[in-house]
Structures are given as structure tokens and as C-alpha cells.
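> using only what follows, build the 3D model:
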Amino acid sequence: MYSRMLSRGALFALVTGLLGCDEKLSDITGPTPDLEVRFSSIQEQIFENSDSSGRSACIQCHNNQGQLFAGRLNLTHAVAYDNLVNVAARNQAGATRVIPGDPENSYLIHKLEGRQGIFGLRMPQNGPPYLTDGQIRVIKRWIELGAAND
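As a prediction, this is how the structure comes out:
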């Protein structure tokens, strides 16, 4: 009984903390103000479309014609999720593209941030512009929450 009350209290504190935050999601997502922490939104706003910063849509390279040259990663609508989540990175031994619950070890984040030790270039390869820190934060949060396919 005590642990159930403690869990409810922790949940209440978390919800209260989130509601009390002054920062709106649209304030951090820059050129994609409608971006949400959902795969379908990331697919539409990031993978399939360019944005007002001039960043290219990911599917300009990551499609079924260009995938041979893009790490064999096809991000078109019908197959993107299945090509990302729990899938080994093609050119980086031991790396997984998206590890649900673990954005820091998800290779997608490494490529988007241009971290040391990635194979090839930071994405998008024709950047800058690259994704903004806020756009990447949304993708990290989606991964952190379990990388659900909605």
C-alpha cells in the first residue's frame, strides 16, 4: 500500500513538473514548429520534408533508389520505422540505429549530431543546415520514451 501511494506521488510530481514548464515544444523546434514527440510527426516533419532553414528532406538520399549510397537506410514512409528501430547500422560495427529507451547509444543520434567516430559525414550530408538542437531533442525524447511506432 505504501509503495502504491509513493508511486502515485511520484507520478503526480512528474506531471506537475511537466505542466509547470514554461518552454513550449514549438519554441525549441525552430524551423519545424509543428514537430511532436511521435514517430509519425518525425517521419513527416523531418524525414519526408525540408524545412524553412533550407535543410533537405532525409528521403532525398535515404530512399529505395539512393539507399545503396546512404548506408542502405530507406526512410520512405512505408519502411522507415522497420529500417530504424533495433536495426544494426550498416557501416558501423556494433552500432544500432535506434535503441528504444537509449538515445545516447542510438547511432541515428550520433549521425545527426556529427559525433566523433561516426562512419562518413554528419547528416544531412549536404548540410549545413543540419537539424537544430531542438529538433534533435524531440527525436531523442521519442527514443527515450521507447521509440513507439504510432
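> C-alpha only now, for contacts and for neighbours.
Fine.
> wait, isn't Pro31 in contact with Ser50?
No. Using CA atoms under 8 Å as the test, Pro31 is too far from Ser50 to be in contact (9.3 Å).
> how close does Thr32 get to Ser26?
8 Å (CA to CA, to the nearest Å).
> neighbour count winner among these two?
Set Thr32 next to Ser26 and count neighbours by other CA atoms under 10 Å: Thr32 wins out with 22 against 15.
> just confirm the more buried one is within a helix.
No. Going by DSSP: H, G, I helix; E, B strand; the rest coil, the assignment for Thr32 is coil, not a helix.
> ok, which stretches of this structure are helices?
2-19, 25-28, 39-42, 80-84, 107-113, 133-144 (DSSP state H).
> which stretch in those has the least confidence?
When those are compared by mean pLDDT, helix 2-19 comes last with a mean of 41.
> got the contact list for Asp27?
By CA atoms under 8 Å, 6 or more residues apart in numbering, the residues touching Asp27 are Pro33.
> now it: how far from Ile136?
Between Asp27 and Ile136 the distance is 13 Å, computed by CA to CA.
> overlap in contacts, those two.
What both Asp27 and Ile136 touch, as defined by CA under 8 Å, 6+ apart, is an empty set.
> the closest residue to Pro124 other than its chain neighbours: neighbouring residues, count only.
Distances taken as CA to CA, 6 or more residues apart in numbering put Tyr130 closest to Pro124, at 6.1 Å, once the chain neighbours are dropped. Residues near Tyr130, counting by other CA under 10 Å, number 20.
> now Tyr130: how far from His77?
Tyr130 is 21 Å from His77, by CA to CA.
> next one: Ala88
The spacing between Ala88 and His77, counted by CA to CA, is 19 Å.
> these two: which is more packed in?
Ala88 (17 against 14).
> enumerate every residue touching that one.
Shown in contact with Ala88 (CA under 8 Å, 6+ apart): 94-97.
> most surrounded residue in those residues?
Arg97 (23 neighbours).
> so what's that residue scoring on pLDDT?
pLDDT, read off for Arg97, is 97.
> how about the contacts made by it?
84-89, 106-108.
> done for today, thanks.
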